[in-house]
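In: Quick one: sequence plus predicted model below, questions after.
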Amino acid sequence: MNNAQQYIDLYKEQRELICQHSPQPMNVVRDAAFEALSAQGFPTLKVERYRYTDVAAAFAPDYGVNLARKKFDVNPRDVFKCDVPNLSTNLVYVINDQPLFERPIPFVCSFKEAAEKYPDILTQYYNKSFAGADDTVAALNTMFAQDGLLVYVPKHQRMERTLQVVNILRSNVDLMVCRRILIVLEEGAEASLLFCDHAMDNVSFLSSQVVEIFCADNSRLDMYEMEETHTACKRFSDVHMQVGRDCVVSHNNITLFNGLTRNTTDVALQGEHSEITLNGCVIADKNQHVDNNTLIDHRVPNCTSRELYKYVADDSAVGAFAGRVLVRPDAQHTVSQETNANLCASNDARIYTQPMLEIYADDVKCSHGSTVGKLDDIALFYMRQRGISESEARMLLKFAFVGQVIDEIQLQPLRERLHYLVEKRFRGELNKCTGCAMCK
């Protein structure tokens, strides 16, 4: 039996309702996604890109789905104070998968609004960054997503303030949500984006998110994703990025607290003299599971890519990293560096690491490396000799280990805030945002 059968049956039964609450550019691609999922089902552990995460098991429970678009009775400002001191942002809330704007924000709107304001943009770019038949997890999102968030910066325009998108999971029953984000930067455009994921209620959540990014020539993008949910949350996030000529793009993925997380990041470098930086920081304990899978596709000459992911796994946590850098035959003068460093802070923690270079050009500078180790006993002994308790010494060593990734963050207020949150996380004090009403 197809391991996605319950979703196939649901789509057949509710297709009309799904389309009724969605803009037309989303509806025209649903059936192709449905055919892909029907034919292939979810990827199994035998599929190379999903060998460390059991997708079928994650999607197996019978989650509720809000296809009728009922509103949830919540004022996010009353319960969440997800702020970064000294960082001035434009704020958007997404309640499950429904954008909530307190006021109009330049360059940002929902898909429903975009269907009227920018119909050509939505039609031209939506669901165009990847082949749905190649990723049935993203295909399921395409089947059920009913709205989304569009960030559209026209030619030579600049987003003056960082856009902060606070994703809030809210429900009194187990729930699946399908979020969609489309980011389009035209030639010479600049934007800074911060996405924060939180869960309000103590139920099981399954969040499926697909982010499509199109960076035209000479554009600049600085993007951050932070997850602070809880152990009953499952998160599947796909980021698909197409980068033009002379672009500078940075993507930073921080997992502070979660249940099961699978992040896929695919980058296609399509124009010369562009730079892409991928950074990741993972802190996991208990039975948490974090799987980051990346692909940087160098399709043209003279591009640079840098990748740094660091994991700290404690208790019985599982961390997985697979990073593939593909250098095609025409991509001469490519410069690429990929690093994955991992720290197992307990005997039961597990790390799986798979850095990969696939090079078909002969004039390149490419390197990759991976390490897995434990806390330095000599350093611990040295610190204990100077009156530092064992728990404090262990915390300081873990904090120093991931500090390199945090220091890569360009926004100084966010960098300082993350240093504070990471320290609290290692002290066992963080599993919800400071100021959250759920913690009072």
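Out: Yep, it's here.
In: So which bits of stretch 232-249 are buried?
Out: The neighbour-count check on stretch 232-249 (16 or more other C-beta atoms under 10 Å) flags 233-249 as buried. The way it works is simple: take the backbone N, C-alpha and C, and place the C-beta from them, glycine included.
In: cool, and stretch 90-110?
Out: Buried residues in stretch 90-110 (16+ other C-beta under 10 Å): 90-100, 107-110.
In: what about it, start to end distance?
Out: Start-to-end span of stretch 90-110 (C-alpha to C-alpha, to the nearest Å) is 15 Å.
In: to the chain's geometric centre, what's the distance from it?
Out: 18 Å (C-alpha atoms, centre = their mean, to the nearest Å).
In: And for stretch 234-251?
Out: With C-alpha atoms, centre = their mean, you get 10 Å for stretch 234-251.
In: Could you work out the end-to-end span of that stretch for me?
Out: 21 Å.
In: tell me the mean pLDDT over that stretch?
Out: On average, the pLDDT along stretch 234-251 is 97.
In: ditto for stretch 318-337
Out: What stretch 318-337 shows for mean pLDDT is 96.
In: Just the CA trace of it, in PDB.
Out: In PDB, the C-alpha atoms belonging to stretch 318-337 read as follows (Å, rounded to 0.1, in the frame of the first residue of the first chain):
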ATOM      1  CA  VAL A 318      20.400  12.100  16.800                       C
ATOM      2  CA  GLY A 319      22.000  14.600  14.400                       C
ATOM      3  CA  ALA A 320      22.500  14.100  10.700                       C
ATOM      4  CA  PHE A 321      24.300  16.200   8.100                       C
ATOM      5  CA  ALA A 322      24.700  15.500   4.300                       C
ATOM      6  CA  GLY A 323      26.100  18.200   2.200                       C
ATOM      7  CA  ARG A 324      26.800  17.800  -1.500                       C
ATOM      8  CA  VAL A 325      28.700  20.300  -3.600                       C
ATOM      9  CA  LEU A 326      28.300  19.700  -7.300                       C
ATOM     10  CA  VAL A 327      30.700  21.400  -9.700                       C
ATOM     11  CA  ARG A 328      29.600  21.000 -13.300                       C
ATOM     12  CA  PRO A 329      32.000  20.700 -16.300                       C
ATOM     13  CA  ASP A 330      31.600  24.400 -17.300                       C
ATOM     14  CA  ALA A 331      32.000  25.700 -13.700                       C
ATOM     15  CA  GLN A 332      35.700  26.400 -13.900                       C
ATOM     16  CA  HIS A 333      37.400  28.600 -11.300                       C
ATOM     17  CA  THR A 334      34.900  27.500  -8.600                       C
ATOM     18  CA  VAL A 335      35.900  28.100  -5.000                       C
ATOM     19  CA  SER A 336      34.100  25.900  -2.400                       C
ATOM     20  CA  GLN A 337      34.700  25.100   1.200                       C
END
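In: if we can go back for a sec, and the furthest pair within the buried residues of stretch 90-110?
Out: The largest separation in those, counting by C-beta to C-beta, is between Asn96 and Phe107 at 23.4 Å.
In: what separates the most far-flung residue of the chain relative to its centre from Ile378, distance-wise?
Out: Within the chain, Gln385 marks the point farthest from the mean C-alpha position, 41.4 Å out by C-alpha atoms, centre = their mean. Distance, Gln385 to Ile378, using C-beta to C-beta, to the nearest Å: 11 Å.
In: Quick one: neighbours of the closest residue to Arg245 other than its chain neighbours, just the number.
Out: Counting by C-beta to C-beta, 6 or more residues apart in numbering, Gly271 is the residue found nearest to Arg245 once chain neighbours are left out, at 2.8 Å. When neighbours are counted by other C-beta atoms under 10 Å, Gly271 registers 19.
In: how would you label Gly271: helix, strand or coil?
Out: coil (DSSP: H, G, I helix; E, B strand; the rest coil).
In: Tell me which residues touch it, please.
Out: Contacts here follow C-beta atoms under 8 Å, 6 or more residues apart in numbering; on that basis Gly271 touches 217, 243-247, 300.
In: closest to Glu390 among those residues?
Out: Within these, the smallest distance to Glu390 is 46.2 Å, found for Val243 (C-beta to C-beta).
In: who does the closest one bridge with?
Out: In this entry, Val243 is beta-bridged to Cys215, Leu269, by DSSP bridges.
In: Touching, it and Glu272? I think so.
Out: No - between Val243 and Glu272 there is no contact, the gap being 10.7 Å when judged by C-beta atoms under 8 Å.
In: Of the contacts of Gly271, which is the nearest to Leu343?
Out: The closest of the contacts of Gly271, once distances to Leu343 are taken by C-beta to C-beta, is Val243, at 31.3 Å.
In: For that closest one, which residues are in contact?
Out: 215, 249, 267-271, 274, 276.
In: Most neighbours among those, please name it.
Out: Most neighbours among the contacts of Val243, by other C-beta under 10 Å: Leu269, with 31 neighbours.
In: quick one, what contacts that residue?
Out: Under the criterion of C-beta under 8 Å, 6+ apart, the neighbours of Leu269 are 243, 276, 296-300, 303, 305, 331.
In: Need the residues you listed in a markdown table (columns: distance to Thr136 and secondary structure).
Out: Shown next, in a markdown table, are the contacts of Leu269 (distance: C-beta to C-beta, whole Å; DSSP: H, G, I helix; E, B strand; the rest coil):
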| residue | distance to Thr136 | secondary structure |
| --- | --- | --- |
| Val243 | 25 | strand |
| Ile276 | 26 | strand |
| Ile296 | 23 | strand |
| Asp297 | 20 | strand |
| His298 | 26 | strand |
| Arg299 | 24 | coil |
| Val300 | 29 | coil |
| Cys303 | 30 | coil |
| Ser305 | 27 | strand |
| Ala331 | 29 | coil |
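In: Just send those back as a markdown table, with distance to Glu408 too.
Out: Output for the contacts of Leu269, formatted as a markdown table (distance: C-beta to C-beta, whole Å):
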| residue | distance to Glu408 |
| --- | --- |
| Val243 | 19 |
| Ile276 | 13 |
| Ile296 | 16 |
| Asp297 | 22 |
| His298 | 21 |
| Arg299 | 25 |
| Val300 | 25 |
| Cys303 | 19 |
| Ser305 | 14 |
| Ala331 | 25 |
